[in-house]
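Visitor: For reference, the sequence and a predicted model appear below.
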Amino acid sequence: MIDMKVNICNIEFKNPVIAASGTFGFGQEYNEYFCLSRLGGICTKGLTLYEKEGNKGIRIHETTGGLLNSIGLQNPGIDKFIREELPFLEKQDTIIIANVGGSSIEEYIGAVEKLNETSIDIIELNISCPNVKEGGMAFGIKSEIAYEVVLEVRQVRKKPLIVKLSPNAENIVHMAESCVKAGADGLSLVNTFSGMAIDIYGRKPVFDNIIAGLSGPCIKPIALRMVYEVARAVDVPIIGIGGIVDYKDAIEYIMAGAWAVQIGSGNFINPTLSLDVIQGMERFMLDQGIKSLEEIRGVI
Amino acid sequence: MIDMKVNICNIEFKNPVIAASGTFGFGQEYNEYFCLSRLGGICTKGLTLYEKEGNKGIRIHETTGGLLNSIGLQNPGIDKFIREELPFLEKQDTIIIANVGGSSIEEYIGAVEKLNETSIDIIELNISCPNVKEGGMAFGIKSEIAYEVVLEVRQVRKKPLIVKLSPNAENIVHMAESCVKAGADGLSLVNTFSGMAIDIYGRKPVFDNIIAGLSGPCIKPIALRMVYEVARAVDVPIIGIGGIVDYKDAIEYIMAGAWAVQIGSGNFINPTLSLDVIQGMERFMLDQGIKSLEEIRGVI
Amino acid sequence: MQEGYRKGKIESNIQIASNIYELKISLPYTCDSLGEPGQFYMLRGWGAMDPFLPRPISICDISHGIITFLYEVRGRGTHIISKLGPGDELEVLGPLGKGFNLDLEGSIALVSGGIGIAPMIYLAKRLDAIKDFYCGFRKEAYYIDKLKDHVNSIFISTEEGSIGHKGFITDLLKPEKYKGVIACGPIPMMKKVVEMCKHEGVPTYISMENRMACGIGACLGCTIQTSSGMKRVCKEGPVFSGEEVVFSD
Amino acid sequence: MQEGYRKGKIESNIQIASNIYELKISLPYTCDSLGEPGQFYMLRGWGAMDPFLPRPISICDISHGIITFLYEVRGRGTHIISKLGPGDELEVLGPLGKGFNLDLEGSIALVSGGIGIAPMIYLAKRLDAIKDFYCGFRKEAYYIDKLKDHVNSIFISTEEGSIGHKGFITDLLKPEKYKGVIACGPIPMMKKVVEMCKHEGVPTYISMENRMACGIGACLGCTIQTSSGMKRVCKEGPVFSGEEVVFSD
Ligand SMILES: Cc1cc2nc3c(=O)[nH]c(=O)nc-3n(C[C@H](O)[C@H](O)[C@H](O)COP(=O)(O)OP(=O)(O)OC[C@H]3O[C@@H](n4cnc5c(N)ncnc54)[C@H](O)[C@@H]3O)c2cc1C
Ligand SMILES: Cc1cc2nc3c(=O)[nH]c(=O)nc-3n(C[C@H](O)[C@H](O)[C@H](O)COP(=O)(O)OP(=O)(O)OC[C@H]3O[C@@H](n4cnc5c(N)ncnc54)[C@H](O)[C@@H]3O)c2cc1C
Ligand SMILES: Cc1cc2nc3c(=O)[nH]c(=O)nc-3n(C[C@H](O)[C@H](O)[C@H](O)COP(=O)(O)O)c2cc1C
Ligand SMILES: Cc1cc2nc3c(=O)[nH]c(=O)nc-3n(C[C@H](O)[C@H](O)[C@H](O)COP(=O)(O)O)c2cc1C
Ligand code: FES
Ligand code: FES
């Protein structure tokens, strides 16, 4: 009766709850806790063309209502992903989204070309990782640079292309508009906020990189505002991300205009949180007599 | 022995802890709880040239680790402030900073001209209130517009001028640089982040204005990063603001490069929080053998 | 000089109806008054930053240095408080706000809806006038026996008719019988009371609620519209004259 | 399929030394193992979002379906847990990680520093080899009696000399006497143990700590450098071969 389905870029998700990149590995670890096929979709850990060791030093620092992370895109590289992780993901009855990071246009293109030949359903272009020193950051900040990247990737990609926006963008609405103009089929937002913490006894930054990425419920009010603004400005599907820890948060994002949502840090406080969110959304819709997500999408 | 004094724009503060605008009224309410002369300084509630009733509807909404507010600059106007509130403030042995809001350059200038003739020590120009519909917001977002405002205000002001930056600025470092170039004697940051919340049962935004301002410990990692970046870019004194709830937070801001700090939402969870912060900082400096704030300012 | 947050020691915290708890705390001794009828305290039953804000709760009773609160578990804050037990500590700030006018004379009606009964106990004890007590509930009635000795007659209603009149408490109220009416409860109830009384020229005093941050008058977060401008529930209120409050729809 | 967070019922939670608590919990019955020596649980003793992350704590002992944890109050998370009492609930996820190798034979030294004693109890019980136990403390020694029946000899040191050798526990350790050394404690101690043992060609097994978010291997927040690349403390560890860990300075 309740229709939780949502169609994004001609791909049907059985429900709007997706595991966010970098918080869900390649699914294997969570598969020990629940059947992954119950999810709407899974975003892989951020992939780069070549393997990356990630950052040294402290990688996680708790803050009020969230955490700073500085993982630094540690990942096995696209080839190893395709060889070792994708076969497992393919077997799950859920939408697989490959999150692609990079620090140059060539790197993005190289990665996307390899993913073109696989079974993944969607590419999510991460133009915004704050934790990689060599670059990548600027892509997510200046609309003109993002435009260039998306335009070029768009030309080689054979899969639907979702661009993941950074909340550090100078102007999130212009950023969204530029990405759509350059050919993004959808947008997901937000990635982590640039933040920092200081070890006052050591008189030094907690993180070797100084700046790290903030996520969790602490950022929700800002992320929700950005989703609301972007959803009103562009016509492509929007995936809302940021601080979701229960079904009420997810419904807020849908009402702000999101087609689907991603759950990131929430997985850390409860590996089965996504299921609770799916069930909670269903119950809410039932109680409120809402038959499909479309009815409430952007309703405010 | 421990020297907590700090000199900002040739004004000596007995310690670096200042009550943040809008969270401390005009001091009277807190005077029932402690002797205001113990504070480094007090920023008044945001003042506009003419009286303002503020916003209708819900004005406060709790979020994880903070709150959204949409007060809308309710204030008695400059004249009434001078008549009814300033005499009390003058009697306190602490630095008085008049926080000035507005939605046009003329309004700012009118207000500043009136304050010129009073005993207030410093003017803090709020170019960033997100809760006033008619404008004011853009000033805090685009560096070029901020430059204009500061340049004009700077020409009429006879008091030291601190410009209070919005974290919603497109580029916080450019914003800081523009304000300094235009003649700001110091900078304070950050004001509240634009955020929102949705009443999922009512299917409408919680606030009549839709967007409200986020403050509290939830924002600290982002605000701290901004203070750090700005302190490295400009040569004027910086006042750090955002999510301070204990002395450790305050020390982090000093180590990031702030000369002083302001305490906002923290006052709501404990009206004597500022005193705890002052004492805690003193104890920390004693324990760590730090003789003056200068020793640790920007040390990281 | 008032003290800031003080550590209250919980003497008891018991459920007296579904979702309704009675909490008793004692505070370190001071010479200051623990509060007057209609005043409230801000409660923080957690050391952490989530929930962030304290919660306002009215004084239900004060006797022998023990403050009683009566509260309904609505959300996270009250839920956490409901889990505390004897010996646990609770941070409290107060007494705060402007309470009821205790100088009223003649025959007075006290009208409460649901948990609005909370401030009525202490008020009934301290108000010398002749009092009738009207209390409306949704399902269950509670705490009425605490008032028995202090009022003239008691009128009860429940929306489901489980006890007393089936319907609203305003169905029972006859304003013309009184020299003044004091009400605390949901906004629609108080609005109705004020309308009925205005019609009969009877003055009303109502205890308003609003979301609060500071509780001491500094943040302007709790203001309501009145005929003489915005007023702070935590400072000029929570008790207002019914005539001055502008009810929004 | 493993269960996610489960509600553990607190059986007891008592202070056994300054800042050190022993916590016993029972879990709803399942057929799955409650854990092996060296494995850990993630604990969340709060329903709220501050603190945000769960805290990793090693299995100290398991018997008759009751899990014992031994923990030091360091910051906010452990402080909150220390305030819980019998009957309270605690959310736990586990058992997690890869524990100690129980196949070791011959004479084995168990070396702990401070709260690093926690996993040694269950290990001593379950490891069949001949064991000597070396435990270092700063001031107070605690929990040693729990090990008495399960080990051959016990060597104690305190930095202040209040009991046992005055100095570090590594002053007492003679690696050449053993077929293997298992250590848990502060990084400098473990580093020293590994160096001493390398020198004598004795294999070491050490239980590493790191800040954790997910605890299940998904976030890559807890990785440490090893001779064969970054490894996750929560998944490939917490027990590593001492030789493979690259200690940073
Ligand atoms: C002056 C005054 C006296 C009060 N006296 C009593 C009393 O004696 N007994 C009693 O049960 N309740 C009383 N209330 C209402 C009580 O404060 C709220 O029910 C409580 O704050 C809800 O908190 P929560 O965490 O359980 O709910 P949540 O829904 O989690 O609260 C979320 C946020 O909304 C605010 N909020 C939600 N509803 C209200 C409300 N109605 N009033 C104020 N803030 C609200 C909370 O403070 C918090 O910031 C009084 C309110 C005021 C203003
Ligand atoms: C596998 C493993 C097993 C452990 N077993 C035990 C045990 O049996 N007994 C015991 O007392 N302690 C144990 N610890 C250490 C314990 O997890 C930390 O002391 C605890 O997390 C500190 O939390 P806090 O809230 O009290 O401190 P806070 O300082 O408030 O913690 C702040 C943040 O830092 C993290 N953190 C701080 N120190 C550590 C640390 N040393 N290790 C991991 N995270 C840290 C916390 O998780 C939190 O995210 C273990 C750690 C690990 C990784
Ligand atoms: C530990 C960690 C690692 C992350 N790694 C990635 C990544 O590789 N690629 C990416 O696009 N986003 C990454 N993110 C961002 C999340 O996908 C998500 O956008 C962000 O955390 C905000 O959502 P949340 O508040 O629900 O966590 C990471 C987040 C965390 C906490
Ligand atoms: C209720 C409220 C009202 C505020 N009013 C003003 C104001 O009038 N002028 C201003 O410059 N900042 C105002 N602020 C912003 C604070 O001064 C401060 O910059 C912000 O809250 C961040 O600090 P915090 O996290 O310590 O609260 C207000 C903040 C709050 C919470
Ligand atoms: S709650 Fe702050 S003014 Fe009333
Ligand atoms: S804590 Fe997440 S990988 Fe170990």
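Guide: Everything's here; your move. Residues are numbered from 1 along each chain as shown, chains lettered A, B, ... in the order given. Ligands and ions are numbered 1, 2, ... in the order given.
Visitor: got the contact list for residue A:151?
Guide: A:182-183 (Cβ atoms under 8 Å, 6 or more residues apart in numbering or on different chains). In short, each C-beta sits where N, CA and C put it, glycine included.
Visitor: Kindly confirm my reading that it is in a helix.
Guide: Yes. Per DSSP: H, G, I helix; E, B strand; the rest coil, residue A:151 lies within a helix segment.
Visitor: what's the spacing between it and residue A:161?
Guide: Computed with Cβ to Cβ, to the nearest Å, the distance linking residue A:151 and residue A:161 is 11 Å.
Visitor: Overlap in contacts, those two.
Guide: Residues touching both residue A:151 and residue A:161 by Cβ under 8 Å, 6+ apart: residue A:183.
Visitor: Is stretch A:99-111 positioned near chain D?
Guide: No. Under the criterion of Cβ under 8 Å from any Cβ of the partner chain, chain D is not reached by stretch A:99-111; the shortest gap measures 13.5 Å.
Visitor: I misspoke; the intended subject was stretch C:43-60.
Guide: Yes. Counting by Cβ under 8 Å from any Cβ, contacts between stretch C:43-60 and chain D involve C:46-51.
Visitor: chain center to that stretch, what's the gap?
Guide: Relative to its chain's centre, stretch C:43-60 lies at 16 Å (Cα atoms, centre = their mean, to the nearest Å).
Visitor: ok, the residue in chain A that ligand 2 sits nearest to - contacts?
Guide: Checking chain A residue by residue against ligand 2 with Cβ to the nearest ligand atom singles out residue A:62 as nearest, at 3.8 Å. Contacts of residue A:62 were listed using Cβ under 8 Å, 6+ apart, and they are D:51-53, D:211.
Visitor: helix, strand or coil for residue C:95?
Guide: Secondary structure of residue C:95, per three-state DSSP, is strand.
Visitor: and the nearest residue to it once chain neighbours are set aside, how far is that from residue C:128?
Guide: Setting aside the residues directly before and after it, residue C:95 is nearest to residue C:35 in space (Cβ to Cβ, 6 or more residues apart in numbering or on different chains), at 3.1 Å. Distance, residue C:35 to residue C:128, by Cβ to Cβ: 18 Å.
Visitor: Tell me the one of the residues of stretch C:43-60 next to chain D nearest ligand 4?
Guide: residue C:49 (11.3 Å).
Visitor: The closest one looks like it's in a helix, true?
Guide: No. Residue C:49: not assigned to a helix; according to three-state DSSP it is coil.
Visitor: quick one: the helix or strand of chain C with the lowest mean pLDDT near ligand 1?
Guide: Lowest on mean pLDDT, DSSP states H and E among the helices and strands of chain C sits helix C:145-148, with a mean of 89. No. Helix C:145-148 lies apart from ligand 1 when judged by Cβ under 6 Å from any ligand atom; the minimum separation is 13.7 Å.
Visitor: Identify all contacting residues around that helix.
Guide: Outside of helix C:145-148, the residues within contact range by Cβ under 8 Å, 6+ apart are C:61, C:120-121, C:124, C:133, C:154.
Visitor: Check stretch C:90-99 too.
Guide: For stretch C:90-99, the surrounding residues in contact (Cβ under 8 Å, 6+ apart) are B:271, C:4-10, C:23, C:25, C:27, C:33-45, C:54, C:56, C:59, C:81, C:84, C:215-216, C:233-239.
Visitor: which residue does the stretch 101-250 of chain A bring closest to ligand 4?
Guide: In the stretch 101-250 of chain A, the residue found nearest to ligand 4 is residue A:218; the distance is 11.6 Å by Cβ to the nearest ligand atom.
Visitor: of residue C:35 and residue C:128, who's got more company?
Guide: Neighbours were counted for residue C:35 and for residue C:128 using other Cβ atoms under 10 Å in any protein chain shown; residue C:35 has more, 19 against 10.
Visitor: quick one on the thing from earlier: buried stuff in the least confident helix or strand of chain C?
Guide: By neighbour count on 16 or more other Cβ atoms under 10 Å in any protein chain shown, the buried set for helix C:145-148 is C:146-147.
Visitor: What would it look like as PDB? C-alpha coordinates only.
Guide: Listed next in PDB are the C-alpha coordinates belonging to helix C:145-148 (Å, rounded to 0.1, in the frame of the first residue of the first chain):
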ATOM      1  CA  ASP C 145      -7.100  15.100  45.800                       C
ATOM      2  CA  LYS C 146      -4.100  17.400  46.500                       C
ATOM      3  CA  LEU C 147      -6.400  20.300  45.900                       C
ATOM      4  CA  LYS C 148      -9.400  19.100  47.900                       C
END
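Visitor: show me the contacts for the residue of the stretch 101-250 of chain A found nearest ligand 1.
Guide: Among the residues of the stretch 101-250 of chain A, residue A:248 lies closest to ligand 1, at 11.2 Å counting by Cβ to the nearest ligand atom. The neighbourhood of residue A:248, defined by Cβ under 8 Å, 6+ apart, consists of A:280, A:284, B:200.
Visitor: With residue C:237 instead?
Guide: With Cβ under 8 Å, 6+ apart, residue C:237 has these contacts: C:97-98, C:207-208, C:224, C:231.
Visitor: circling back to that earlier point, in a helix, the residue of chain A closest to ligand 2, correct?
Guide: No. In this structure, residue A:62 is strand, not part of a helix, as judged by three-state DSSP.
Visitor: what about it, distance to chain C?
Guide: 12 Å (Cβ to the nearest Cβ, to the nearest Å).
Visitor: Which strand residues bridge that residue?
Guide: For residue A:62, the beta-bridge partners are residue A:67 (DSSP bridges).
Visitor: Tally up the residues packed near residue A:3, please.
Guide: Applying other Cβ under 10 Å, I find that residue A:3 has 13 neighbouring residues.
Visitor: Double-check it against residue A:290; I have them as touching.
Guide: No. Under the criterion of Cβ atoms under 8 Å, residue A:3 lies out of contact with residue A:290, with a separation of 9.5 Å.
Visitor: Which of the contacts of helix C:145-148 sits closest to residue B:194?
Guide: Of all those, the one sitting nearest residue B:194 is residue C:120; the distance, using Cβ to Cβ, is 42.5 Å.
Visitor: What does the closest one show for phi and psi?
Guide: Summarising the backbone geometry of residue C:120 under the convention degrees, to the nearest 10, its torsions are phi -70, psi -30.
Visitor: Remind me what the biggest helix by length in chain C packs against, helices and strands.
Guide: With secondary structure taken from DSSP state H, chain C has its longest helix at helix C:187-200. Using 3 or more Cβ pairs under 8 Å, 6 or more residues apart in numbering or on different chains; DSSP states H and E as the contact criterion, the secondary-structure elements in contact with helix C:187-200 are strand C:107-113, strand C:180-184, strand C:204-207.
Visitor: The longest one: partners in the sheet, and parallel or antiparallel?
Guide: In the sheet containing strand C:107-113, its partner strands are strand C:130-137 (parallel), strand C:180-184 (parallel), by DSSP bridges.
Visitor: OK, contacts around residue A:207?
Guide: A:55, A:57-59, A:61, A:68, A:70, A:196-197 are the contacts of residue A:207 under Cβ under 8 Å, 6+ apart.
Visitor: Please indicate which of those are buried?
Guide: Using 16+ other Cβ under 10 Å as the burial test, these include A:55, A:58-59, A:61, A:68, A:70, A:196-197 as buried.
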